[in-house]
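1. Return atomic coordinates for the entry below.
(one chain, ligands or ions: 1)
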Amino acid sequence: MISDGSGVLPAAAWVKLAMLSHGVAVAPSFSSWFSSQEGAVRRRNFYNSPVWDGGEAVPQEIRLVNGSGPPVTVAVNVYGDDTWSLEGSERGPAVINTRLGISWDVELIDDLRCLRGSAALARVANLYGGSALSFFSPRACYFFADSTQCRFCSLAGTAAGTAFANRLTAAQVRDAVTTVLQAEPARVNQVMIVGGNERNLDTGFLRHVDLACAAAEAIEAAGMTRTVSVHLVTMPPRTLSLIRELGGVAGMHCGFNLEAWDPLVFARIAPGKSADYGHSAIRRALDYLVGVVGEYRAHSILIAGLEPPASTLAGAAALAEAGVSPIINCFHSDVHSAIGLSVRPRYEELAEVAGGLSRLHAAYPIRPYWKGCGRNALDFEAGNGMFTGDAPALGGTR
Ligand code: SF4
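-> Numbering: from 1, shown residues only. The predicted structure is shown next:
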């Protein structure tokens with residue numbers, strides 16, 4: 001499975017971290033092979049990489065083959081750094097690090113057949129990370145109106161010029177979940193609802209709740225509540241009592257994202273959210289959310305790489321202590337974001353966060369938001385003990 005010039009093999013989760021730090025180059029040998037893999041999920045026109053013009057087909061994500069453990073899902077973020085390179089060979093695709101002498105076998109992820117076969121369905125839903133049926137609505141966010149959007153957010157550029165619906169109805173979500181669970185019941189383990197936000201936060205929140213309820217109803221009708229859960233990330237409502245509307249949704253996970261633990265960093269990277277709602281108010285909303293959906297079914301993203309590792313870990317610890325499952329996403333430089341490639345977290349920083357997160361998972365019953373499909377997230381790997389022990393030296397010269 002793996003060749004390694006040094007004889008010391010890193011674990012797949014650490015390779016994921018290194019790939020999230022550097023990104024990955026897509027070699028022509030891979031591209032030509034990949035173009036014939038018609039069933040594989042292709043990167044569509046969102047979550048784009050800075051160094052990709054949309055011309056050549058690339059995967060959204062790959063899975064690192066992981067021996068007897070669960071495969072490790074990692075994003076194919078193309079940053080123009082070829083430390084790690086996705087290459088094709090007679091043995092199949094592999095991620096190569098020439099300097100370290102590492103060649104790691106990878107698997108591609110098949111798209112849902114029903115999504116490939118129905119343009120109408122593909123306008124509404126997407127397969128994220130290989131096992132999350134995802135819905136994005138609305139495809140706009142009011143923070144862009146006065147340029148106070150989150151500095152890492154790529155929504156404005158990626159929403160433009162796509163075939164995707166701008167705003168989904170509950171009926172569209174219900175029908176899409178029903179169709180997918182009937183056609184390919186073994187492929188999906190979560191339904192994910194995320195989107196932009198509207199200026200009236202109460203109205204926007206209730207619209208998101210409607211979509212989550214519709215997904216939950218379809219899952220229940222399919223008899224799959226034990227295997228498929230509903231995951232919603234949204235802005236909290238102004239009127240906190242509206243959060244109670246989530247109380248009746250079976251299997252609900254919900255997140256209000258803090259993005260950074262340091263309020264000053266939060267204000268810098270999420271100026272609209274900071275001015276319009278505020279860090280401490282989001283924390284109060286999270287406390288309320290825990291009371292409604294239950295401990296560790298409430299989530300909040302902290303972005304590793306946009307503040308020092310100690311700050312990310314202090315936030316993750318405080319959230320875990322409060323019954324909130326932290327979501328740690330590595331900062332990825334999307335092409336349409338304001339930050340873009342101006343910031344890239346080093347492997348060593350991500351490894352420090354991963355190690356600390358692993359210890360938190362051992363101490364609290366934290367539930368990963370993404371069940372193995374978080375291509376830029378560390379939670380699933382931390383929850384499965386893949387970051388225990390010393391991090392191998394996989395950093396580059398950056
Ligand atoms: S709240 Fe921030 S991250 Fe979310 S859609 Fe709006 S600008 Fe983007």
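2. Give me the contacts around the helix or strand hosting Leu211.
-> Counting by DSSP states H and E, the element that carries Leu211 is helix 201-221. When contacts are defined by CB atoms under 8 Å, 6 or more residues apart in numbering, helix 201-221 is touched by residues 135, 137-138, 168, 170-171, 173-175, 177-178, 181, 191, 193, 195, 197-198, 225, 228-230, 232, 234-239, 242-243, 245-246, 248-252, 254, 277. For every residue, glycine as well, the C-beta is placed using N, CA and C.
3. Who are the contact partners of Ile303?
-> Counting by CB under 8 Å, 6+ apart, Ile303 has contacts 152, 259-260, 269, 312, 329-331.
4. Give me the subset of the contacts of helix 201-221 that also touch the ligand.
-> Counting by CB under 6 Å from any ligand atom, Asn197 from these sit close to the ligand.
5. Can you classify Val290 as helix, strand or coil?
-> Following DSSP: H, G, I helix; E, B strand; the rest coil, we place Val290 in the helix state.
6. What is the neighbour count of it?
-> By other CB atoms under 10 Å, 20 other residues sit near Val290.
7. mind listing what it touches?
-> The neighbourhood of Val290, defined by CB under 8 Å, 6+ apart, consists of 298, 322-324.
8. Determine which two of those are furthest apart.
-> Ala298 and Ala322 (8.6 Å; CB to CB).
9. So which bits of the chain are right by the ligand?
-> So the chain meets the ligand at 141, 143, 149-150, 153, 155, 196-197, 270, 273 (CB under 6 Å from any ligand atom).
10. circling back to that earlier point, for the helix holding Leu211, buried residues please.
-> 201, 204-205, 207-219 (16 or more other CB atoms under 10 Å).
11. what's the closest of the residues you listed to Ile366?
-> Ala212 (21.3 Å).
12. measure the closest one to Ser229 for me?
-> 11 Å (CB to CB, to the nearest Å).
13. Asn384 now?
-> 17 Å.
14. Okay, the closest residue to Phe143 other than its chain neighbours and Arg207: tell me how far apart.
-> Of all residues not flanking Phe143 in the chain, Gly272 sits nearest, at 3.4 Å (CB to CB, 6 or more residues apart in numbering). Gly272 is 19 Å from Arg207, where distance means CB to CB.
15. now swap in Lys371 and tell me
-> As judged by CB to CB, Lys371 and Arg207 stand 25 Å apart.
16. ok so, going back, ok, Asn384 and Ser229, which is more surrounded?
-> The neighbour comparison of Asn384 against Ser229 (other CB under 10 Å) goes to Ser229, with 22 against 18.
17. For the chain, just list every one of the helices.
-> Using DSSP state H, the helices of the chain run over residues 12-22, 28-34, 113-116, 119-122, 155-159, 170-183, 201-221, 263-269, 271-276, 279-293, 309-321, 347-363, 379-383.
18. Can I get the first one in PDB, CA atoms only?
-> Read that as helix 12-22. Output of helix 12-22 as PDB, limited to C-alpha atoms (Å, rounded to 0.1, in the frame of the first residue of the first chain):
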ATOM      1  CA  ALA A  12      -2.900   8.700   7.200                       C
ATOM      2  CA  ALA A  13      -4.300  11.400   9.400                       C
ATOM      3  CA  TRP A  14      -0.900  13.200   9.700                       C
ATOM      4  CA  VAL A  15      -0.600  13.000   5.900                       C
ATOM      5  CA  LYS A  16      -4.000  14.700   5.700                       C
ATOM      6  CA  LEU A  17      -2.700  17.500   7.900                       C
ATOM      7  CA  ALA A  18       0.400  18.000   5.700                       C
ATOM      8  CA  MET A  19      -1.800  18.000   2.600                       C
ATOM      9  CA  LEU A  20      -4.200  20.600   4.100                       C
ATOM     10  CA  SER A  21      -1.200  22.800   4.900                       C
ATOM     11  CA  HIS A  22       0.500  22.600   1.500                       C
END
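19. got the buried residues for stretch 273-280?
-> Under 16+ other CB under 10 Å, the buried positions of stretch 273-280 are 273-274, 276-277, 279.
20. out of the residues you listed, what pair is the most spread apart?
-> Within the buried residues of stretch 273-280, two members stand farthest from each other by CB to CB: Asp276 and His279, at 11.6 Å.
21. Under the pLDDT cut-off, which ranges of the stretch 251-398 of the chain? List them.
-> Along the stretch 251-398 of the chain, the parts satisfying pLDDT under 70 run over 396-398.
22. rewinding a little: redo the buried residues of stretch 273-280 as TSV? Include distance to Val335.
-> Shown next, in TSV, are these (distance: CB to CB, whole Å):
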residue	distance to Val335
Lys273	22
Ser274	24
Asp276	26
Tyr277	27
His279	28
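23. ok, these vs the ligand, which is closest?
-> Lys273 (5.7 Å; CB to the nearest ligand atom).
24. Please list all residues in contact with the closest one.
-> Lys273 is in contact with 143, 150, 235, 259, 266, 282, counting by CB under 8 Å, 6+ apart.
25. ditto for Leu127
-> 41, 109, 111-112, 115, 133-134, 187-188.
26. Equivalent analysis for Phe152, please.
-> Taking CB under 8 Å, 6+ apart, one finds 259, 269, 303, 306, 331, 334, 337-339 in contact with Phe152.
27. now do Ala170
-> 210-211, 213-214.
28. coming back round to it: now the common contact residues for Ala212 and Ser229.
-> By CB under 8 Å, 6+ apart, Ala212 and Ser229 have these common neighbours: Met252.
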